[in-house]
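A.B. asks: Kindly generate the corresponding structure for this input.
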Amino acid sequence: MAQASVPLDGSLTLADLEAVCLDGASVTLPEPTRDRVRAARAAVDAILLRDESVYGVNTGFGALAQVRIAPEELEALQLNLVRSHAVGVGAPFDVATTRAIMLLRAAVLSAGHSGTRLAVLERLVELLNLGIHPVIPQQGSVGASGDLAPLAHLALVLIGEGRVHGADGAPVPSGHVLAAAGLSPLTLQAKEGIALINGTQAMTGLGALAVSRARRLARTADAVASLTVEAKRGSRRPFDARLHHLRPHPGQIATASNLFRLTEGGTIGASHVDCGKVQDAYSLRCAPQVHGASRDSIEHVAAVLTRELNAVTDNPTLFPDTGEVISGGNFHGQPVAIALDLLAMAVAELGSVSERRIEQLVNSHLSELPAFLVTESGVNSGFMMAQVTAAALVSENKGLCHPASVDSIPTSANQEDHVSMGPIAARKAMRVIEHAEMVLAIEALAAAQAVEFHLPLVPADGAAAVHATVRSRVSRMDQDRELHGDLVAAAELVRSGAFIEAAEAAIGPLD
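C.D. replies: As a prediction, the model looks like this:
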């Protein structure tokens, strides 16, 4: 059952984020959270009564940090900050990612170290719960001082400017939508503009959705690989738990356990116990080692992102208990950027080894199966070009895996002289995931076709569940047809977790 609501109390999880961004769960503000926000605002008000310069409260920003701003110009300062930083370009983030960015920015404000009025946080949560989603261009952030440009486009909507996603998906002016909802634009006060735009929420929001998707993909890879093992009449002995506990990487042990259970039973396995074959190709035999390494990397990224969900990434940062304001660098995206570069590499390997298993299935020189998995090859090309598509996607992923986080171009008159490029890492990681999902979909189609050549022999229960899931959406191909629709349907099965659900219904929870 989907969560009905998610409280902003400093304990956000990846599951909470999915509930809000994908399932439409509402967001609530518990009273202790409200108290923290009020206390932080009181600290800002106290600073304004003192005759001292405090960065972000009554000074300029970035390279203009030494410029003191007169009290009567503080509102104009915050308004100009938001407007001047809204320089994003390119296609907008989709609604799910936009909701993630909104949720995470609200989470930062709710921690009580930002200094906005409670009304600002309430409005951001209100927009989330009403489904009013700013149009946020994907490009224009270098990941320090955080995701300034994307978050500025978010902040514009709070002041009645910028655009939001309309009912038909087309962008519409936010003022009209706010008025229709009975909401008046906010007038930002001291500290509030910078509190809305300084942080890592664009890269973290997209990255968090990506890592959740990668987790599903890793388990799906095990399920799909089990059907290939059966179709290739491969051995399950390399998945014996005793072997993997001698090299105790958690991901390797988990994948080996999954493959051992997924290939248990059926009549295909029993038919070749004494076949005399000594070893299978690495793409089958070493699946625990390859999938497992990706799993461990994905879990490391998940841990980094989970910490970042609840992190305070403002600058300057308020400490209401002492009244201090500390200007630092929590907005710098390097921890997230490096993690997301690793995520891309980990997922790319799931696609890479899957493509090699596809080759094992379609190449008649490597198996007893018909060439390209059709009985009348020659007049029919079968899965020949499906393997080519998989190869193209795997090759593209190699280029996308060049790390964004090793680059840095100084900005803001060299005040920001080292930046993370984290948003680029996030976008690349998501593209790699999309490509790997399609490669696994192609493997699932090929393996389902291949295993049927062994009839009346049948695969093990777990692998058979994967086969049945393919056939629930895609029919067998006896003669050439346009495969595009089949690929799209299979990719949706991968993305939705349908192969995991089917396998678990057959053999119990996967590791």
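A.B. asks: What are the boundaries of the helices in the stretch 101-250 of the chain?
C.D. replies: In the stretch 101-250 of the chain, the helices defined using DSSP state H, counting those that start in this stretch lie at 118-130, 148-158, 174-180, 192-197, 201-231, 241-244, 250-262.
A.B. asks: Export those as JSON lines, with columns for mean neighbour count.
C.D. replies: Using the backbone N, CA and C atoms, a C-beta is placed for each residue, glycine as well. Formatted as JSON lines, the helices of the stretch 101-250 of the chain follow (neighbours: other Cβ atoms under 10 Å):
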{"stretch": "helix 118-130", "mean neighbour count": "20"}
{"stretch": "helix 148-158", "mean neighbour count": "27"}
{"stretch": "helix 174-180", "mean neighbour count": "17"}
{"stretch": "helix 192-197", "mean neighbour count": "29"}
{"stretch": "helix 201-231", "mean neighbour count": "28"}
{"stretch": "helix 241-244", "mean neighbour count": "13"}
{"stretch": "helix 250-262", "mean neighbour count": "23"}
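A.B. asks: who wins for proximity to G166 among these?
C.D. replies: For the helices of the stretch 101-250 of the chain, the distance to G166 is smallest for helix 174-180, at 7.8 Å, taking Cβ to Cβ.
A.B. asks: who's in contact with the closest one?
C.D. replies: The set of residues external to helix 174-180 that reach it, using Cβ atoms under 8 Å, 6 or more residues apart in numbering, is I132, P134, L156, V157, G160, E161, G162, R163, V164, G166, S184, P185.
A.B. asks: same thing but at 10 Å, please
C.D. replies: The list of residues contacting helix 174-180 from outside it, by Cβ atoms under 10 Å, 6 or more residues apart in numbering, reads 123, 127, 130, 132-135, 156-167, 173, 183-186.
A.B. asks: Can you show me the CA trace of it as CSV?
C.D. replies: Output in CSV follows, covering the C-alpha atoms of helix 174-180 (Å, rounded to 0.1, in the frame of the first residue of the first chain):
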residue,chain,number,x,y,z
SER,A,174,2.6,30.5,-12.7
GLY,A,175,0.6,33.6,-11.7
HIS,A,176,-2.5,32.3,-13.4
VAL,A,177,-2.2,28.9,-11.7
LEU,A,178,-1.6,30.4,-8.3
ALA,A,179,-4.6,32.7,-8.7
ALA,A,180,-6.8,29.8,-9.7
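A.B. asks: now it: how far from the chain's centre is it?
C.D. replies: 30 Å (Cα atoms, centre = their mean, to the nearest Å).
A.B. asks: what about the residue lying closest to A503 once chain neighbours are set aside, distance to R357?
C.D. replies: In space, and not counting its chain neighbours, A503 is closest to A223: 4.5 Å by Cβ to Cβ, 6 or more residues apart in numbering. From A223 across to R357, the span is 13 Å (Cβ to Cβ, to the nearest Å).
A.B. asks: so what sits against both of these two?
C.D. replies: Listed as contacting both A223 and R357 by Cβ under 10 Å, 6+ apart are L440.
A.B. asks: which regions of this structure sit below the pLDDT cut-off?
C.D. replies: Along the chain, segments meeting pLDDT under 70 span 1-2, 60-65, 273-276, 278.
A.B. asks: how does it look with 80?
C.D. replies: 1-3, 51-67, 69, 272-278 (pLDDT under 80).
A.B. asks: Spit out the contact partners of the residue nearest the centre of it.
C.D. replies: Residue closest to the average C-alpha location in the chain (Cα atoms, centre = their mean): A210, at 1.1 Å. For A210, the contacting residues are 97, 298, 301, 305, 340, 343-344, 347, 425-434, by Cβ under 10 Å, 6+ apart.
A.B. asks: could you flag which of those residues are buried?
C.D. replies: 97, 298, 301, 305, 340, 343-344, 347, 425-430, 432-434 (16 or more other Cβ atoms under 10 Å).
A.B. asks: For stretch 411-427, list the C-alpha coordinates in CSV.
C.D. replies: C-alpha atoms of stretch 411-427 as CSV (Å, rounded to 0.1, in the frame of the first residue of the first chain):
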residue,chain,number,x,y,z
THR,A,411,32.7,30.6,-11.9
SER,A,412,31.6,33.9,-10.2
ALA,A,413,34.8,35.8,-10.9
ASN,A,414,36.9,32.8,-9.5
GLN,A,415,35.1,33.0,-6.1
GLU,A,416,33.7,29.6,-6.9
ASP,A,417,37.0,28.2,-8.2
HIS,A,418,36.2,24.5,-7.8
VAL,A,419,32.8,23.1,-8.7
SER,A,420,31.4,19.5,-8.8
MET,A,421,29.4,19.2,-12.1
GLY,A,422,27.0,17.0,-10.0
PRO,A,423,23.9,17.7,-12.1
ILE,A,424,25.7,16.4,-15.2
ALA,A,425,26.6,13.3,-13.3
ALA,A,426,23.0,12.8,-12.3
ARG,A,427,21.6,13.2,-15.8
